[in-house]
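Asks: got a sequence here, can you model it:
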Amino acid sequence: MRPGPRNLITDVAGLRVGNAQDHKLKSGATVLTADAPFTASVHVMGGAPGTRETDLLAPDKSVASVDALVLSGGSAFGLEACTGVVDGLRAMGRGFAVGSAIVPIVPGAILFDLINGGVKDWSTNPYPALGRRALDTASDTFEIGTAGAGTGATTATLKGGLGSSSLVLDNGITVGALVAANPFGAVTTPGSRHFFAAPYEMGNEFAGLGPDPTKGHGLPVRTKVLHGTGAGANTTIAIVATDAALDKAQCQRMAIAAHDGMARAIVPSHTPMDGDLVFALSTGGKALADLDMIGHGAALCLTRAIARAVYAATPQPGDLLPSWHDLPIS
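Replies: Numbers count the residues shown, from 1 in each chain. So this is what the prediction gives:
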């Protein structure tokens, strides 16, 4: 296995990703779309999810494909990013035809970033416009770190962010991950710059420091306290993708397997205070070969994408937590 040429989810042919962000708001939206509708499913393991149209992704539901997936900040307000994407796709003539009507199918998920130091006194919900802008900028290359849905993300101890990675499996199938990492837990070991994901790093994609040589990393870590409230801003939301031809049930199995990657990169993960969720999609470009390895590859990609999200995050005015690059070198 090796990373794809971009080391982004868009190494899966036909996929495009767009970001839109407002650094004063400290929030944003990320849209994944494709040249054609794609098969998708979802699996939720966090205790506090915020979603739109995820029920239709169950294997027994009748909708066979979707037009885009949305990851957004903004908690419940951020679900309206999907509205902007639906409007944009409708203007393009994209969607599910019902007689003379065209209905774009756009599931989405949100993370909580409402108390991260950004200006949140809007009079008009900003997320429909952010969603539309993200759709309009969708491309096979895109920014990670402090961008899109990861703009205002935080972890237990550091800034979070938007991350992505890819793998080309030995059988030629490509797998990729896209994630907005905003967990209750930590992504680095206590008091260090070492990522929990270090054993799965390929090359120096998130600093190449290797695993922390110390022990006891399962002990409680300091969790983020924002505005002195003691409340955290949580949830890690992700998309994994492949060019192997999967049906909805197989996509769901891929999403379930990918959650292992979240647990390897974040300690603790899947808490009652997170809405941890993974969408999984197939563009169907290649014949299915070895669903086990596709799920394993998706988990590896998600582990690496989470670390890359935090590694790529950059300081911005008003941040309540440091970025990884602000940490002292020991």
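Asks: centre of the chain to the helix ranked longest in the chain, how far?
Replies: Taking DSSP state H as the criterion, the chain has its longest helix at helix 291-312. Remark: helix 291-312 is offset 11 Å from the chain centroid, using CA atoms, centre = their mean, to the nearest Å.
Asks: now stretch 11-26
Replies: So, by CA atoms, centre = their mean, the centroid of stretch 11-26 is 10 Å from its chain's centroid.
Asks: and for stretch 279-288?
Replies: Mean-position distance between stretch 279-288 and its chain equals 18 Å (CA atoms, centre = their mean).
Asks: do stretch 1-13 as well
Replies: With CA atoms, centre = their mean as the basis, stretch 1-13 stands 16 Å off its chain's centre.
Asks: which residues sit against it?
Replies: Here stretch 1-13 makes contact (CB atoms under 8 Å, 6 or more residues apart in numbering) with 15-17, 32, 139-142, 144, 164-170, 174-178, 202-203, 205, 239-243, 283, 285, 297, 300-301. To be clear about C-beta, it is placed using only N, CA and C from the backbone, and glycine gets the same treatment.
Asks: generate a ChimeraX selection restricted to the buried entries among those.
Replies: To isolate the buried subset of these in ChimeraX, counting by 16 or more other CB atoms under 10 Å, use the following:
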select :15,16,17,32,142,144,164,165,166,167,168,169,174,175,176,177,178,205,239,240,241,242,243,283,297,300,301
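Asks: list the beta-bridge partners for Ala241.
Replies: Assessed by DSSP bridges, Ala241 has beta-bridge partners Gly176, Leu281.
Asks: which parts of the protein are helices?
Replies: 75-78, 81-91, 127-136, 248-265, 291-312.
Asks: okay, those in a markdown table with mean pLDDT next?
Replies: Converted to a markdown table, the helices of the chain look like this (pLDDT from 0 to 100):
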| stretch | mean pLDDT |
| --- | --- |
| helix 75-78 | 96 |
| helix 81-91 | 96 |
| helix 127-136 | 98 |
| helix 248-265 | 96 |
| helix 291-312 | 97 |
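Asks: which one, of the ones you listed, ends up nearest to Met45?
Replies: helix 248-265 (5.2 Å; CB to CB).
Asks: can you give me the buried ones in the closest one?
Replies: 248, 250-265.
Asks: give me the contacts around the helix or strand bottoming out on mean pLDDT in the chain.
Replies: Ranking every helix and strand in the chain by mean pLDDT, DSSP states H and E puts strand 96-98 at the bottom, with a mean of 85. Outside of strand 96-98, the residues within contact range by CB under 8 Å, 6+ apart are 63, 67, 102-105.
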